[in-house]
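Participant: The sequence and its predicted three-dimensional model are supplied below.
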Amino acid sequence: MKIDLHGLELIGAKEELALQLEECQVMGVKEVIIIHGYQHGQILKNYIRSERFLEEMRKEGLKLKRKRFVNLGETAFYLL
């Protein structure tokens, strides 16, 4: 599944991610690609690829493992 965060600022992206990842977990999705972009700023990319993101998602009850960097604008995760 893909989650596209284009056009969102960090606060809105965090809320959207928690919602979408929770839905993925309920649906039994095992792999998620987060499209965060990078050309119009790197705040989202840096956050998504940080340990802080993984920690905050754990606090929401979501366990993620970074799979790979698909390209500069996308990052893939496993839902555990």
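Facilitator: That came through fine. Numbers count the residues shown, from 1 in each chain.
Participant: Just after the strand or helix carrying Leu44, pick out the following helix or strand.
Facilitator: Following DSSP states H and E, one finds Leu44 within helix 43-48. Going down the chain from helix 43-48, the next helix or strand is helix 51-59, by DSSP H and E.
Participant: Give me the buried positions along that next one.
Facilitator: For helix 51-59, the buried set under the neighbour-count rule, 16 or more other C-beta atoms under 10 Å, comprises Phe53, Leu54, Met57. All C-beta atoms are positioned from the backbone trio N, CA, C, and that covers glycine.
Participant: What is the nearest of those residues to Arg66?
Facilitator: Compare each of the buried residues of helix 51-59 with Arg66 using C-beta to C-beta and the shortest gap goes to Leu54, at 7.4 Å.
Participant: which other helices and strands contact the longest strand seen in the chain?
Facilitator: As assigned by DSSP state E, the longest strand anywhere in the chain is strand 64-71. Counting contacts by 3 or more C-beta pairs under 8 Å, 6 or more residues apart in numbering; DSSP states H and E, the secondary-structure elements packed against strand 64-71 are strand 31-35, helix 51-59, strand 74-79.
Participant: any chance of those in a markdown table, plus mean pLDDT and distance to Leu17?
Facilitator: Output for these, formatted as a markdown table (pLDDT from 0 to 100; distance: least, C-beta to C-beta, whole Å):
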| stretch | mean pLDDT | distance to Leu17 |
| --- | --- | --- |
| strand 31-35 | 95 | 7 |
| helix 51-59 | 95 | 7 |
| strand 74-79 | 95 | 10 |
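Participant: Thanks again, I'm all set now.
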